[in-house]
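[1] This is a predicted model, with the sequence first.
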Amino acid sequence: MPPTDCTIAHIGIAVPDIDAALAFYRDVLGAVPETLEPTDGAAIVSLPFGDVDVELLEPRTADSPIARFLAKRGPGIHHVCYRVPDLDGALARCRRLGYQLVDEVPRRGAHGERIAFLHPKSTSGILIELTE
């Protein structure tokens, strides 16, 4: 099997309070948080760890996806984001192979990147985000 051009872009972690969660990453691990960014009813702070970021996700509205996740499951890993060389091509392969898409077409996410989510019902229980 040839090596893949895909990499892990980031891991999204749902937290009820970004400031409280940042304490561990900043004070223990020495991570330097990037600027807080609002998107999709949440506040996001990225923490670079080499080529992979950890994104802390705090709900800003009661009906946001992160608020619903926290209410149902509590704090923890919300999603894994994979960087692919061709997002449209990856989504076409997902459709052809029967994966359930949350986003039928790419949309703009944090940092203005094109993203699309795959439903966890079709990916072994993990919410998958794809980006370029």
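    Structure received. Residues are numbered from 1 along each chain as shown.
[2] mind listing the strands for this structure?
    In the chain, the strands defined using DSSP state E lie at 7-14, 37-39, 42-49, 52-59, 76-83, 107-108, 114-118, 128-131.
[3] Sheet partners, orientation included, of the first one?
    Sheet partners assigned to strand 7-14 using DSSP bridges are listed as strand 52-59 (parallel), strand 76-83 (antiparallel).
[4] and what of the second one?
    Strand 37-39 has the following strand partners under DSSP bridges: strand 42-49 (antiparallel).
[5] Can you report how many residues lie near residue 60?
    Neighbours of residue 60 under the rule other CB atoms under 10 Å: 15. Yep, even glycine has a C-beta here, placed from its N, CA and C like the rest.
[6] Could you pull up phi and psi at it?
    Dihedral pair for residue 60: phi -110, psi -10, per degrees, to the nearest 10.
[7] that older thread, can I get the strands paired with strand 7-14 in a markdown table with mean pLDDT and mean neighbour count?
    Formatted as a markdown table, these follow (pLDDT from 0 to 100; neighbours: other CB atoms under 10 Å):
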| stretch | mean pLDDT | mean neighbour count |
| --- | --- | --- |
| strand 52-59 | 97 | 22 |
| strand 76-83 | 97 | 17 |
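[8] now those strands in CSV, with distance to residue 103?
    Converted to CSV, the strands paired with strand 7-14 look like this (distance: least, CB to CB, whole Å):
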stretch, distance to residue 103
strand 52-59, 17
strand 76-83, 12
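[9] Between these, which one is closest to residue 132.
    Each of those has some distance to residue 132 by CB to CB; the shortest is strand 76-83, at 6.8 Å.
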